[in-house]
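[1] Pasting the sequence and the predicted model now:
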Amino acid sequence: ALLSNGLRERVTLRVDGGVRTGRDVAISAMLGAEEFGFGTIAMIAEGCVMARVCHLNTCPVGVTSQKENLRKKFPGTPEHVVNFFNFVAEEVRQLMA
């Protein structure tokens, strides 16, 4: 519909939600996506255990907590997230090869 109406150049297609692997990125790109949103999986790469108590300030690993004793438990580092995205990029490269 965007192409037939001459609107494709005026929009940026962004895929978000459920993007977890390089395969997901490759399929999205083949369907025309230009931007990719990684939400939950980036949090998991950093150490989130998906306890679903973020809003209660009682995060068991200290990701979302403001309490100092819980924040000390936080295992994540920025390198964990960078490493995850490097693996995703490598998987995309392998699929394209």
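    Received the coordinates, thanks. Numbering: from 1, shown residues only.

[2] what's stretch 24-35 in contact with?
    For stretch 24-35, contacts defined as Cβ atoms under 8 Å, 6 or more residues apart in numbering pick out 12, 13, 14, 15, 18, 19, 36, 88, 91, 92, 95, 96. (Each C-beta comes from the backbone N, C-alpha and C, glycine too.)

[3] Please produce a markdown table containing these, extended by neighbour count, pLDDT and distance to residue 70.
    Shown next, in a markdown table, are the contacts of stretch 24-35 (neighbours: other Cβ atoms under 10 Å; pLDDT from 0 to 100; distance: Cβ to Cβ, whole Å):
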| residue | neighbour count | pLDDT | distance to residue 70 |
| --- | --- | --- | --- |
| 12 | 8 | 95 | 38 |
| 13 | 13 | 93 | 39 |
| 14 | 11 | 95 | 33 |
| 15 | 18 | 95 | 33 |
| 18 | 12 | 89 | 29 |
| 19 | 21 | 93 | 29 |
| 36 | 14 | 95 | 31 |
| 88 | 21 | 97 | 29 |
| 91 | 16 | 98 | 34 |
| 92 | 17 | 97 | 36 |
| 95 | 14 | 97 | 39 |
| 96 | 9 | 95 | 42 |
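
[4] could I get those residues as a markdown table with distance to residue 42?
    Below are these laid out as a markdown table (distance: Cβ to Cβ, whole Å):
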| residue | distance to residue 42 |
| --- | --- |
| 12 | 20 |
| 13 | 20 |
| 14 | 16 |
| 15 | 15 |
| 18 | 13 |
| 19 | 10 |
| 36 | 11 |
| 88 | 10 |
| 91 | 15 |
| 92 | 16 |
| 95 | 20 |
| 96 | 22 |
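
[5] Among those residues, which are located in helices?
    88, 91, 92, 95, 96 (DSSP state H).

[6] Would you mind listing the residues in contact with the last one?
    Applying Cβ under 8 Å, 6+ apart to residue 96 gives the contacts residue 26.

[7] now do 6 Å
    By Cβ atoms under 6 Å, 6 or more residues apart in numbering, the contact set of residue 96 is empty.

[8] okay, and for this protein, where does confidence drop off?
    The model of the chain has no residue with pLDDT under 70.
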